[in-house]
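A.B. asks: sequence first, then the predicted structure, then my questions.
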Amino acid sequence: MNTGIEIRQDLIANKVGEAQWARRLTRLLRKIEETLITPQSSCVNFS
């Protein structure tokens, strides 16, 4: 699985913008990680 993330340079041009994006990415990547490591047995089977 591959993906790309593009962030406009003007949104991370200062420490405040960097911190905001770091928090956003941390939150999103943690959710993705939780989803990927969830055992298959606990996932809904639609078949």
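C.D. replies: Okay, I see it.
A.B. asks: so where's the protein shaky on pLDDT?
C.D. replies: 1, 40-47 (pLDDT under 70).
A.B. asks: what ranges does it have for its helices?
C.D. replies: 15-37 (DSSP state H).
A.B. asks: tell me the spacing between the residue nearest to Leu25 when sequence neighbours are not counted and Trp21.
C.D. replies: Leaving aside its sequence neighbours, Leu25 sits nearest to Ile5 (C-beta to C-beta, 6 or more residues apart in numbering; 7.3 Å). All C-beta spots, glycine's among them, are computed from the backbone N, C-alpha and C. In this view, Ile5 and Trp21 are 10 Å apart by C-beta to C-beta, to the nearest Å.
A.B. asks: neighbour count: the two, which is higher?
C.D. replies: Trp21 (15 against 8; other C-beta atoms under 10 Å).
A.B. asks: and Arg20, how many neighbours?
C.D. replies: No, residue 20 isn't Arg; it's Gln. Gln20, neighbours per other C-beta under 10 Å, totals 13.
A.B. asks: Leu29 is in contact with the residue nearest to Leu25, correct?
C.D. replies: No - contact criterion C-beta atoms under 8 Å: Ile5 and Leu29 do not qualify, at 9.4 Å.
A.B. asks: surely Glu18 and Ile12 touch.
C.D. replies: Yes - applying C-beta under 8 Å, one finds Glu18 in contact with Ile12, separated by 5.1 Å.
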